[in-house]
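**Student:** Please work out how this folds:
(2 chains)
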Amino acid sequence: MAGIAAGGGRRSRLAPWLLVAPGILWLLAFYFIPTLPWYDGYARTFTDYHEHLARSFGYALTATIAAIVLGYPLAYVMAFRAGKLKNLLLGLVILPFFTTFLVRTFAWKTILNDGGPVVHLLGWLHLLPPAGRILNTVVAVIGGITYNFLPFMILPIYVSLEKIDRRLTEAAQDLYCNPRQAFLKVVLPLSLPGVLAGSLLTFIPASGDFLNAELLGSPNQKMLGSVIQGQFLTVRDYPLAAALSFVLMTIIMILVISYTRVLGTEDLA
Amino acid sequence: MDSVITLDHVSKRFGAYVAVHEAHFDIQRGEFFSMLGPSGCGKTTTLRMIAGFEQPSGGRILLEGQDVSRVPPYQRNVNTVFQHYALFPHMSVRDNVAFGPRSKKAPEAEVAKRVDELLSVTRLTQFAARKPAQLSGGQQQRVALARALVNYPSALLLDEPLGALDLKLRQAMQIELKRIQREVGITFIYVTHDQEEALTMSDRIAVMNEGLVEQIGSPEDIYHSPARVFVANFIGVANLLPATVVGEMENRLVVSLEGDVRMETANPAWGAKPGSKGTMMIRPESLYFRESGKGLPVRLTAAAFSGPAIRLVLTTGSGIEMIAHVPSDGPRPVLEPGRSYVVSWDPEGARLLPPKSARSPLDMNLRPTLELAQQFYPNSVV
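**Tutor:** Coordinates of the predicted model:
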């Protein structure tokens, strides 16, 4: 019995590889080999541009954490407490998508402007020193990234919370958990796949983002994305821009794979 | 008697809707108590109030003599087996079962001992490491049972626990549940809409309808001495004929049925007097079926052989359909559909049930059913 099953297994394990072999060869020849580090652009990423690289991941990580902190409670309220307001809230989360990313970020530029309402209000509350500013600071850039990717955090968390059977909370309470313990032992672990998906959907594009840094930041907040964009469109040093992109992509992949391994949800990786 | 749970005039209203009206009964230690009724009758709401998921709008619930009406579920020593089990999908069978004792911060060595014991009682030891999704419906059912029983609750609450299983498995689980209940000696409160399930397993049954407890009694009481037309109809097959009391002699009544056919019956407990209207209830197996003689004339509509009995469908002169069971191997008249026959019954084989308007649910709930049964069956051992 076992022998037959194993034999069949070996055959079927080999077959898919043979079937995808032509495609893999194509990718190796025309995609992978040209990207190999023949060229010093890769080294320059870590010498000339290491600050931008660090900023990219630092800002993306901070924005992802901020999005979890802001998004999880909202998703929780939508899934468990909103009742009839659920669809309205869901609509409000999706509403920003009706305007383009670029226009919304420009709008923030106006809102956070030196003479703008936010600066006035914070100055009046003495939360901001005189002549203090928000635009062209780290706060504005990370705030912008968080704002732009927040729906991508809320929606997956909402979906995973929504899927949780309400009776599981009742079962936990029936088994001597108070509501807080029931949340920590049952709801939170079951919603982790949503947090994981949301983090990936936020972190990956945020690390490659350049628009928020361009519009809301100063040159001191430039991220690697801005450098790549500049190299491609202004300097036209395509090899360097490609090398930077490739390094960014590789690091993102390594981070994502280790993150999903740690959280143990491999069906997303 | 030692009661674990007492419902003291418990009501539950959702807005204007009355889900449970003045439920008032005791549940004894170690008994298998069922709440039976159609969907929407209030049985699940009653169970959820005992568990603590709903709070009564009126009345009190006592658990081991303590008023727990306002106590949250996590501070009550009762555990629930949910309709679709509600197992924690991210935990192994062992962790599911250990969940309750761990929440109570029991020492890990004791948790392990109790979990092992319950896994063995429910025959799950070999599945301890699996996740719920890797188990069959029957196995998941047993995990739910172990997870609740491991806490040694004062009472185990079961909300239609077999509803999701197919017929064969359901019958096997009925026997299994009864075995486990005997083994652990814990009070089971079982909610079901399946009358056969309730009759098979219960020590006592509360039949509920539209928020009211219609009758509480042993399965035999409920079947043979239903107190209401609803109970008679809901449990088994009942032949129901409109009747008027025309005479009274000793503890018997003479009633007039359609076409002024006169039959005798035991005097019921609800105070029927000459002139009262009611409903005669006769079980199909209590009917005598003859070609002629004294009794109610009927026409044979259909006959179906079902092994030990032949099931006859009969129609009275006024068009009421009746069902009679006659033994398939005994002497009986030749069966010719369309022909006229006569049915009769012993006075003890029939019940005169009160008309709907005579219903006084408070009275009914409070009166011990045993008394009722003894009035129906003065000479029988109940």
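
**Student:** by contact count, what packs against the stretch of helix or strand A:Ile252 belongs to?
**Tutor:** Counting by DSSP states H and E, the element that carries A:Ile252 is helix A:238-263. Under the contact criterion of 3 or more CB pairs under 8 Å, 6 or more residues apart in numbering or on different chains; DSSP states H and E, helix A:238-263 touches helix A:41-47, helix A:50-76, helix A:188-208, helix A:224-230. C-beta: built from backbone N, CA, C; applies to glycine.

**Student:** who wins for proximity to B:Ala269 among those?
**Tutor:** helix A:188-208 (54.1 Å; CB to CB).

**Student:** Give me the buried stretch members for the closest one, please.
**Tutor:** A:190-191, A:193-208 (16 or more other CB atoms under 10 Å in any protein chain shown).

**Student:** quick one: which helix or strand includes B:Val20?
**Tutor:** Counting by DSSP H and E, B:Val20 is found in strand B:17-28.

**Student:** Sorry, slip of the keys, the one I care about is B:Gly59.
**Tutor:** Short version, using DSSP H and E: B:Gly59 is in strand B:58-63.

**Student:** mind listing what that strand pairs with, with the direction of each?
**Tutor:** strand B:3-14 (antiparallel), strand B:66-67 (antiparallel) (DSSP bridges).

**Student:** Can you name the residues of chain B sitting close to chain A?
**Tutor:** Proximity of chain B to chain A (CB under 8 Å from any CB of the partner chain) is limited to residues B:51-53, B:72-75, B:79-80, B:82-84, B:86-90, B:99-100, B:103-104, B:147-148, B:151.

**Student:** Buried residues of the strand holding B:Val20, list them for me.
**Tutor:** Applying 16+ other CB under 10 Å to strand B:17-28 flags B:Val18, B:Ala19, B:Val20, B:His21, B:Glu22, B:Ala23, B:His24, B:Phe25, B:Asp26, B:Ile27 as buried.

**Student:** pLDDT added to these, as TSV?
**Tutor:** Formatted as TSV, the buried residues of strand B:17-28 follow (pLDDT from 0 to 100):
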residue	pLDDT
B:Val18	91
B:Ala19	93
B:Val20	94
B:His21	92
B:Glu22	92
B:Ala23	94
B:His24	94
B:Phe25	95
B:Asp26	95
B:Ile27	96
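
**Student:** sorry, back to before: give the buried residues for the helix holding A:Ile252.
**Tutor:** A:240-248, A:251-252, A:255-256, A:259-260.

**Student:** Farthest pair within the residues you listed?
**Tutor:** The largest separation in those, counting by CB to CB, is between A:Leu240 and A:Thr260 at 30.8 Å.

**Student:** what about stretch A:120-140, average pLDDT?
**Tutor:** Stretch A:120-140 shows a mean pLDDT of 87.

**Student:** Give me the residues contacting that stretch.
**Tutor:** Contacts to stretch A:120-140, defined as CB atoms under 8 Å, 6 or more residues apart in numbering or on different chains, come from residues A:59, A:108-109, A:112-114, A:116, A:118-119, A:216-218, A:221.

**Student:** Just the CA atoms of that stretch, as PDB, please.
**Tutor:** Below are the C-alpha coordinates for stretch A:120-140, written out as PDB (Å, rounded to 0.1, in the frame of the first residue of the first chain):
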ATOM      1  CA  HIS A 120      -2.600  76.800  14.000                       C
ATOM      2  CA  LEU A 121      -4.500  74.500  16.300                       C
ATOM      3  CA  LEU A 122      -1.400  72.700  17.600                       C
ATOM      4  CA  GLY A 123       0.300  76.100  18.100                       C
ATOM      5  CA  TRP A 124      -2.700  77.400  20.000                       C
ATOM      6  CA  LEU A 125      -2.700  74.300  22.200                       C
ATOM      7  CA  HIS A 126       1.100  74.800  22.800                       C
ATOM      8  CA  LEU A 127       1.700  71.300  21.400                       C
ATOM      9  CA  LEU A 128       3.900  72.800  18.700                       C
ATOM     10  CA  PRO A 129       6.700  75.300  19.500                       C
ATOM     11  CA  PRO A 130       6.400  78.800  17.800                       C
ATOM     12  CA  ALA A 131       7.600  78.600  14.200                       C
ATOM     13  CA  GLY A 132       7.300  74.800  14.500                       C
ATOM     14  CA  ARG A 133       6.100  73.000  11.400                       C
ATOM     15  CA  ILE A 134       4.600  69.700  10.400                       C
ATOM     16  CA  LEU A 135       5.000  69.700   6.700                       C
ATOM     17  CA  ASN A 136       8.500  68.600   5.500                       C
ATOM     18  CA  THR A 137       9.100  66.600   8.700                       C
ATOM     19  CA  VAL A 138       9.200  62.900   9.500                       C
ATOM     20  CA  VAL A 139       5.800  63.200  11.200                       C
ATOM     21  CA  ALA A 140       4.200  64.300   7.900                       C
END
